[in-house]
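Peer 1: This is a predicted model, with the sequence first.
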Amino acid sequence: MKKQTLAVVVALVSSGVFASQCFARPGVLEANVPFAFEAGNKRFPAGQYQIESVTTGAGTLEVIRQVNGGGRATFSTIALERHSTNSQPQLIFHRYGNNFFLYQISNGEGKARQLFESKQEKEAAKHDARREVAVAVQ
């Protein structure tokens, strides 16, 4: 009886460990963005985000979610081949004054996805010089 109980306990603990690894969802990037930003036509507050690429029949979409469940949006993107020595996954933002716009999502494997420029970003570009800001992704 003790052996059966021990086997059940080991099985339950093992399944819990494997289930938690499954929920980590490989391919999902996580980033702590320390400033408010815009992506597409949506504004996001500073915070922890998950970014996931979802392949569809017509291409790839990027899904951005606040970890605390606050905001979520889906965007069409353009595939880019990055020829950079930086192999770290990162989010690249365009900064105009105090306004940040998500520009690119890099997976750290030489591939990146670029978001389309929004009307708000085009307007901001008329008034301020653009700077690129990178945020490391886990």
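Peer 2: Perfect, I can see it now.
Peer 1: Surely residue 52 and residue 28 touch.
Peer 2: Yes - at 4.7 Å, residue 52 and residue 28 qualify as touching, with contact defined as C-beta atoms under 8 Å. The way it works is simple: take the backbone N, C-alpha and C, and place the C-beta from them, glycine included.
Peer 1: could you pull out the helices for the protein?
Peer 2: 2-23, 119-127 (DSSP state H).
Peer 1: any weak-confidence spans in this structure?
Peer 2: The chain contains residues with pLDDT under 70 at 1-26, 82-86.
Peer 1: if you set the cut-off to 80 instead, what comes out?
Peer 2: 1-27, 57-59, 69-70, 81-87, 108-111 (pLDDT under 80).
Peer 1: who are the neighbours in contact with the residue nearest the centre of it?
Peer 2: Nearest to the mean C-alpha position of the chain, counting by C-alpha atoms, centre = their mean, stands residue 51 at 2.4 Å. Residue 51 sits next to 28-31, 62-65, 91, 105, 137 when contact means C-beta atoms under 8 Å, 6 or more residues apart in numbering.
Peer 1: now the residues you listed: which count as buried?
Peer 2: Neighbour counting over those (16 or more other C-beta atoms under 10 Å) leaves 29, 31, 62, 64-65, 91, 105, 137 as the buried ones.
Peer 1: Filter these down to the ones in strands?
Peer 2: Judged by DSSP state E, strands contain the following of the buried ones among the contacts of residue 51: 29, 31, 62, 64-65, 91, 105.
Peer 1: want to throw those into JSON lines with distance to residue 118?
Peer 2: Formatted as JSON lines, those follow (distance: C-beta to C-beta, whole Å):
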{"residue": "29", "distance to residue 118": "21"}
{"residue": "31", "distance to residue 118": "20"}
{"residue": "62", "distance to residue 118": "14"}
{"residue": "64", "distance to residue 118": "14"}
{"residue": "65", "distance to residue 118": "19"}
{"residue": "91", "distance to residue 118": "16"}
{"residue": "105", "distance to residue 118": "15"}
